[in-house]
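> Here is my input, please return the structure:
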Amino acid sequence: MQDGADVMLTLKTRRRLSLLLLCVGLPVYIGVTVTIVSSLQRPHIVIEFAIYAAAGILWAVPFKKLFRGIGAADPTRKEKG
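This is a model prediction of the structure:
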């Protein structure tokens, strides 16, 4: 069985997954985070800000490899001209 870290995705697939993650996954993550924080007693504004700032950074950590290089030109695509 292959380890998930060893799977190589094409640039096109990584771009599509990144778009899906940003358009669907991120709003769901934001909704879950807001729901969890609002279900707690309202913390001090500085603590609440720290929670949201940490959540805003931590969501991208598992997807670091997916986002790396998606803005670059596709090396397998031939130049026109």
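
> what sits against the residue nearest the centre of the chain?
The centre of the chain sits closest to Ala60, judged by C-alpha atoms, centre = their mean, with a distance of 4.2 Å. Going by C-beta atoms under 8 Å, 6 or more residues apart in numbering, Ala60 touches Phe67. For every residue, glycine as well, the C-beta is placed using N, CA and C.

> Next: Ser18.
Ser18 neighbours (C-beta under 8 Å, 6+ apart): Phe63, Leu66, Phe67, Ile70.

> per-residue confidence for the first one?
Meaning Phe63. What the model reports for Phe63 is a pLDDT of 82.

> That one - nearest residue in space that isn't next to it in sequence?
Leu21 (6.3 Å; C-beta to C-beta, 6 or more residues apart in numbering).

> go on, the third one?
Here the nearest residue to Phe67 in space, its sequence neighbours aside, is Ser18; by C-beta to C-beta, 6+ apart that works out to 5.8 Å.
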